[in-house]
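In: Below are the sequence and a predicted model; questions follow.
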Amino acid sequence: MTGIRERRVTHEVFNQVPPLAGHDVADDAVLLDGLAREGGGWAGPEVRALGRLAGTEQAQEWGRLANEHPPVLRTHDRYGHRIDEVEFHPAWHELMTVAVTHGLHGSAWADSREGAHVARAAKFYTWRVDAGHGCPVSMTYAAVPALRQSPELAAQYEPLLVKPEYDFGLRAPLTKGALLAGMSMTEKQGGSDVRANTTQASPQPDGTYRLVGHKWFTSAPMCDVFLTLAQAPGGLTCFLVPRVLPDGTLNPLRLMRLKEKLGNRSNASSEVEYENALAWRVGDEGRGVRTIIEMVNMTRLDCVIGAASGMRHGVTAAAHHAAHRKAFGGYLIDQPLMRNVLADLAIESEAATITMLRLAGATDRSVRGDAAETAVKRLGLAVSKYWITKRWPAHAAEALECLGGNGYVEESGMPRLFRESPLNSIWEGSGNVAALDLLRAILRQPQTLDAFFGEVELARGADKRLDEAVQDAKDSFTDTATIEFRARRVAERLALVLQASLLVRHGHPAVADAFCASRLTGDWGSAFGTLPPGLDLSPIIDRATPKVG
């Protein structure tokens, strides 16, 4: 008709990938097999139930909202009174409620069943809708063994730290239904060098101490109690610091600001000044590092679990996208080069997961007094903290790239995953600290090296490539003059032979073969997607592709 323009449709939306929701996140063969093998099989139904919840649109929305609406610091009320409160979006509290009621915090310490810590690790791995709220959950878990250095304090606080109840709010700790614990060690001048600590602790006539100092990094400042380090008359000492005093008044922990961080934005990390803050000593004076190392080792385990979980998240997102996206005449997942990339990502993920479960099993048995497992855990945790957490950023970047431009936009969730990925390598000792901790452990406890090689050599004779790699790892200790300079290479090699041994003994044969061919023999490039020809990739990719609906 004259004068009337016909409306034309410019395009139709098609060839788009459906949301990755409505699946069981715990439908993960390496996770479930390892859970059973390491003594936590009884928790399978609990892990699967949590996995189904983690796969819902609602849970994923909680994670999105908690990060898009980060915590806000309120230092004063409307009348000018100091309150030092942090406000969180309701989604944060939903996430915390799920985590705590499912026992991801301290509940394993109150569970006498074999594999309790393995079950807890599997749940922590599965509930990956948001990394930020995992911080106070992890620190609460890790605080219990450190607090046990002072039985009287443990008797009061441990029952509340292990209780599966989320009771948010600033009130006197022993009047609450349940507690969360934080950690506050890092200072401006020291960083990982905690012995450079300058916070002063003055003993009081009633047996308490008063702390004066500045903490550069205190995560989760709305926790109820904190373990911290300060210089007492007898040297560097560990203390328990409550946010609220027994009489209901605020302990003078002044929240100076919340950190603007690369990732982990749902979690409040703060800068704190102690203005004569009340504290109770944990352990003996002068033994602060030895006391708090119990907490550090547990949080290092969670660094490994978190990195393994993040890798699984990345590869399942990539495989899901590739299974539904068409390009160049077919689905991406059927194209040879994309199959190489996806399989390579899946191999790295499975190696990380099987290792974290072995370390969780060693932790469980160590808690129960198994000296041999304690020795395996000591080195196994050091090398895995170094290597697995370092692999995650490259893994996250490659997984994001599998989605192309769709992965680069915030709505995909992949940018948030990528921003989270460097944290676990930094938290509780960056790469150099972890590598040097390995050497320190061997120097002080030579039996730990024997225990480590005893573990990896359980696979002796099953794969020639592994046997040769183990011997190469042993040879790396012959040149003691340069070993500190080579500490990262030594840690990397030990981590790889541990992963290979576990995969050869317990993993899927196709995954084990591909891992040994690429990671051990050097028939591999410098990026993911450079696996050699001739490997059986179909079962590897199938195991990584989520079943939705």
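Out: Cool, got the structure.

In: Give the full set of residues in contact with the nearest residue to residue 290 once chain neighbours are set aside.
Out: With CB to CB, 6 or more residues apart in numbering as the criterion, residue 290 has its nearest non-adjacent residue at 7.3 Å, and that residue is residue 283. Glycine gets a C-beta too; all of them are placed from N, C-alpha and C. Shown in contact with residue 283 (CB atoms under 8 Å, 6 or more residues apart in numbering): 149, 150, 237, 238, 290, 291.

In: Just the ones in strands from the residues you listed, please.
Out: Counting by DSSP state E, the part of the contacts of residue 283 found in strands is 237, 238.

In: Just give me the neighbour total for residue 451.
Out: Burial of residue 451 is recorded as 21 neighbouring residues (other CB atoms under 10 Å).

In: What number of residues are in the vicinity of residue 372?
Out: When neighbours are counted by other CB under 10 Å, residue 372 registers 14.

In: Wasn't it part of a helix?
Out: Yes. Per DSSP: H, G, I helix; E, B strand; the rest coil, residue 372 lies within a helix segment.

In: so what's it closest to, chain neighbours aside?
Out: When the adjacent residues along the chain are set aside, residue 372 lies closest to residue 451, with 6.2 Å between them (CB to CB, 6+ apart).

In: can you tell me how far residue 42 sits from residue 318?
Out: Noted for residue 42: a distance of 33 Å to residue 318, by CB to CB, to the nearest Å.

In: In terms of neighbours, single out the busier of those two.
Out: Taking other CB under 10 Å, residue 42 and residue 318 do not tie; residue 318 has more neighbours (28 against 15).

In: which residues touch the more buried one?
Out: By CB under 8 Å, 6+ apart, residue 318 lies in contact with 341, 342, 345, 398, 399, 402, 403.

In: in what helix or strand does it lie?
Out: Assessed by DSSP states H and E, residue 318 sits inside helix 288-324.

In: so how far is residue 277 from the residue nearest to residue 290?
Out: For residue 283, the distance to residue 277 - CB to CB - is 18 Å.

In: now the strands for the protein?
Out: Under DSSP E, the chain gives strands at 72-76, 82-87, 181-186, 200-203, 209-219, 225-232, 235-242, 253-258, 269-282, 326-327, 330-331.

In: Dump those to TSV, plus distance to residue 124.
Out: Shown next, in TSV, are the strands of the chain (distance: least, CB to CB, whole Å):
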stretch	distance to residue 124
strand 72-76	27
strand 82-87	23
strand 181-186	16
strand 200-203	33
strand 209-219	16
strand 225-232	20
strand 235-242	24
strand 253-258	25
strand 269-282	19
strand 326-327	36
strand 330-331	34
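
In: In CSV, list these along with distance to residue 511, mean neighbour count and mean pLDDT.
Out: What follows is the strands of the chain, written out as CSV (distance: least, CB to CB, whole Å; neighbours: other CB atoms under 10 Å; pLDDT from 0 to 100):
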stretch, distance to residue 511, mean neighbour count, mean pLDDT
strand 72-76, 45, 13, 96
strand 82-87, 43, 16, 96
strand 181-186, 36, 25, 90
strand 200-203, 51, 18, 98
strand 209-219, 35, 20, 94
strand 225-232, 39, 26, 96
strand 235-242, 42, 24, 96
strand 253-258, 42, 18, 96
strand 269-282, 36, 21, 97
strand 326-327, 27, 12, 92
strand 330-331, 23, 12, 95
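
In: These: which one's closest to residue 134?
Out: Distance to residue 134, taken as CB to CB, is lowest for strand 209-219 among those, at 10.6 Å.

In: Please identify the pairing partners of the closest one and their relative orientation?
Out: Neighbouring strands of strand 209-219 in its sheet, by DSSP bridges, are strand 181-186 (antiparallel), strand 200-203 (antiparallel), strand 269-282 (antiparallel).

In: Residue 549 reaches residue 20, doesn't it?
Out: No. Using CB atoms under 8 Å, residue 549 is not in contact with residue 20; the gap is 10.9 Å.

In: ok, the two, which is more surrounded?
Out: Between residue 549 and residue 20, residue 20 has the larger neighbour count (other CB under 10 Å), namely 21 against 6.

In: Hmm, residue 545 and the more buried one touching each other?
Out: No. Using CB under 8 Å, residue 20 makes no contact with residue 545, being 10.6 Å away.

In: any residues in contact with both of the two?
Out: Taking CB under 8 Å, 6+ apart as the criterion, residue 20 and residue 545 both touch 316, 320.

In: pull the CA atoms of the helix or strand bottoming out on mean pLDDT in the chain into CSV?
Out: Lowest by mean pLDDT, DSSP states H and E among the helices and strands of the chain is strand 181-186, with a mean of 90. Output in CSV follows, covering the C-alpha atoms of strand 181-186 (Å, rounded to 0.1, in the frame of the first residue of the first chain):
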residue,chain,number,x,y,z
ALA,A,181,35.3,-18.5,61.9
GLY,A,182,37.6,-16.3,59.9
MET,A,183,41.4,-15.8,59.6
SER,A,184,43.4,-12.6,59.8
MET,A,185,47.1,-12.9,59.3
THR,A,186,48.3,-10.8,56.4
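
In: any idea how far the residue nearest to residue 372 is from residue 359?
Out: Separation of residue 451 from residue 359 (CB to CB): 13 Å.

In: of all the strands of the chain, which lies closest to residue 517?
Out: Of the strands of the chain, the one closest to residue 517 (CB to CB) turns out to be strand 330-331, at 26.1 Å.

In: Can you list the strands that the closest one pairs with?
Out: Strand 330-331 has these strand partners (DSSP bridges): strand 326-327 (antiparallel).

In: residues in contact with the partner strand?
Out: 15, 332, 335.

In: switch to 7 Å and redo it
Out: residue 15 (CB atoms under 7 Å, 6 or more residues apart in numbering).

In: can you give me how far it is from the chain middle?
Out: Between the centre of strand 326-327 and the centre of its chain there are 35 Å (CA atoms, centre = their mean, to the nearest Å).

In: go on, stretch 449-456?
Out: Centroid separation between stretch 449-456 and its chain, computed with CA atoms, centre = their mean, is 24 Å.

In: Can you give me the distance of the residue nearest to residue 70 when sequence neighbours are not counted to residue 71?
Out: The shortest distance from residue 70 to any non-neighbouring residue, by CB to CB, 6+ apart, is to residue 265 (4.7 Å). Distance of residue 265 to residue 71, given as CB to CB: 9 Å.

In: coming back round to it: save the strands paired with strand 209-219 as TSV, and put in distance to residue 169 too.
Out: TSV is the format used below for these (distance: least, CB to CB, whole Å):
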stretch	distance to residue 169
strand 181-186	15
strand 200-203	28
strand 269-282	17
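
In: what's the closest of these to residue 461?
Out: strand 181-186 (44.0 Å).

In: Name the residues that touch that closest one?
Out: Residues contacting strand 181-186 (CB under 7 Å, 6+ apart): 136, 139-140, 143, 161, 194, 215-220, 223, 225-229, 272, 292, 295.

In: before we move on, what about stretch 441-461?
Out: 372, 375-376, 378-380, 382, 466-467, 470, 474, 494, 497-498, 501, 504-505.

In: Apply 10 Å and report the result again.
Out: Around stretch 441-461, the neighbours that count as contacts under CB atoms under 10 Å, 6 or more residues apart in numbering are 358, 362, 371-383, 438, 466-467, 469-470, 473-474, 477, 483, 490, 494, 496-506, 512.

In: What of stretch 404-417?
Out: Counting by CB under 10 Å, 6+ apart, 16-17, 19-20, 60, 63-64, 67-68, 128-132, 263-266, 310-311, 313-314, 317-318, 321, 325, 327, 332, 392, 395-397, 399-403, 418 sit against stretch 404-417.

In: I'd like to know which of those are buried.
Out: Listed as buried from these are 17, 20, 60, 63-64, 67, 128-132, 263-266, 310-311, 313-314, 317-318, 321, 325, 332, 392, 395-397, 399-403, 418; burial here means 16 or more other CB atoms under 10 Å.
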